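> Attaching a predicted model along with its sequence, questions to come.
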Amino acid sequence: MVKVIAFHSYKGGTGKTTLAVNLSAHLASRGYNILLIDMDVYAPSLYVYFNIQPKKWINDYLNDKITFSDSIYDFTHVLKEYKLGDKAKNPYGSLHAIFSNPSKQEITDLDSAVRKESSKSQSLKKMLFIKETRNTETDYDFIILDTSPGIRYWSINSLAISDEIVLSLKMDNIDIEGTKHMAMDVYGAFTSYGSKSYLLLNRIAGYCEPPSSSSSAGSSYEMNSPFNLILKEQTEAIKNLERLLKMDVIATLPCYCDIQFEKQEYLTVLNSPNHPFTQKINELSKKIE
Ligand SMILES: Nc1ncnc2c1ncn2[C@@H]1O[C@H](COP(=O)(O)OP(=O)(O)O)[C@@H](O)[C@H]1O
Ligand SMILES: [Mg+2]
């Protein structure tokens, strides 16, 4: 049965898109059939990562202009350009994606369409239909949703169809009150119906050592070096977050200063198979499987 995973956050810039695309490419390279959907309909960006100018969008499906399967693009050929392991033992899965239209008019249209009560139930039906994989050629193992931050109409609809919600937080910029409110009120409602939610702490300290800490206090291996004090404080902060938000941490990712998350960002896991970032995505994928 298909499992739907949503990447969500209270604030923007917490790594939702980076994680959603790389997890998708990673799972597909391990043999799973993946459908990745840009549900960040208020600020679409996924098409940029895939370096294409789509002609069909999730907007067209939600506005009843095309069928769901007509909105899907196939990127399995990109995976096949990477020679990963023994293909006979570990056959490639497939990677499909649906994009969201960045034009201002399309964003407004999608938003104004749902103001009417009748359209609201219609759009929820359309969202639920996404899980009906019988309606597509591929039998998907995972549908991964990249959502808009905060409590917004299309984010809530995305969370409503998700089996697992991953709430990402950027460690240096957390709005505790807002996040707590969202986790309790919104996630609480969905988890009481059986979905699971987890915290993902992104851009934590510990990978790239700040230059000042090593130069002023010698080696970072010294127990009380400024760098180690930051790490200690951070460990405490993570424990407090878990307690406060009543959610388990599914992954902690350092801020990586040495990899370029540029164009075609979703290929980082394939371009850098031995990088610690890829190991983290691998650990995350095992927990999600
Ligand atoms: N662990 C990380 N280390 C370094 N840079 C990161 C990390 N996670 C995300 N980024 C960068 O942070 C920025 C915001 O990430 P993005 O995935 O676009 O966030 P969101 O989708 O939540 O708005 C991007 O430039 C991305 O490359
Ligand atoms: Mg994003």
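On my side now, so go ahead. Ligands and ions are numbered 1, 2, ... in the order given.

> neighbours around L110, how many?
A count of nearby residues for L110, using other C-beta atoms under 10 Å, gives 21. All C-beta atoms are positioned from the backbone trio N, CA, C, and that covers glycine.

> Can you list the buried residues in the helix or strand where it lies?
Element membership of L110, judged by DSSP states H and E, is helix 104-113. Buried residues in helix 104-113, defined by neighbour count with 16 or more other C-beta atoms under 10 Å: E106, I107, L110, A113.

> do stretch 234-244 as well
Those would be Q234, I238, L241, for stretch 234-244 by 16+ other C-beta under 10 Å.

> on contacts alone, who are the packing partners of the helix or strand that contains the first one?
Using DSSP H and E, the element containing Q234 is helix 226-245. Secondary structure elements in contact with helix 226-245, counted by 3 or more C-beta pairs under 8 Å, 6 or more residues apart in numbering; DSSP states H and E, are helix 176-182, strand 196-204, helix 211-217, strand 248-254.

> Please identify the most buried of these.
strand 196-204 (a mean of 21; mean count of other C-beta atoms under 10 Å).

> circling back to that earlier point, ok now the helix holding Q234, how far from the chain's centre?
Distance of helix 226-245 from its chain centroid, counting by C-alpha atoms, centre = their mean, to the nearest Å, is 23 Å.

> on that earlier part again, what is the lowest-pLDDT residue among the buried residues of stretch 234-244?
Across the buried residues of stretch 234-244, the member with the lowest pLDDT is Q234, scoring 87.

> Looks like that residue contacts I174 (just checking).
No - if you go by C-beta atoms under 8 Å, Q234 and I174 don't touch, sitting 11.9 Å apart.

> any idea how far Q105 is from A25?
31 Å (C-beta to C-beta, to the nearest Å).

> could you list every residue that touches I165?
Shown in contact with I165 (C-beta atoms under 8 Å, 6 or more residues apart in numbering): I5, A6, H8, L159, Y187, F190, S195, K196, S197, Y198.

> Looking at these, which is nearest ligand 1?
Ligand 1 lies nearest to H8 out of these, by C-beta to the nearest ligand atom, at 9.0 Å.

> Now the closest one: phi and psi?
Dihedral pair for H8: phi -140, psi 160, per degrees, to the nearest 10.

> Give me every residue in the protein that's in contact range of ligand 1.
9, 12-18, 202-203, 253, 255-256, 261 (C-beta under 6 Å from any ligand atom).
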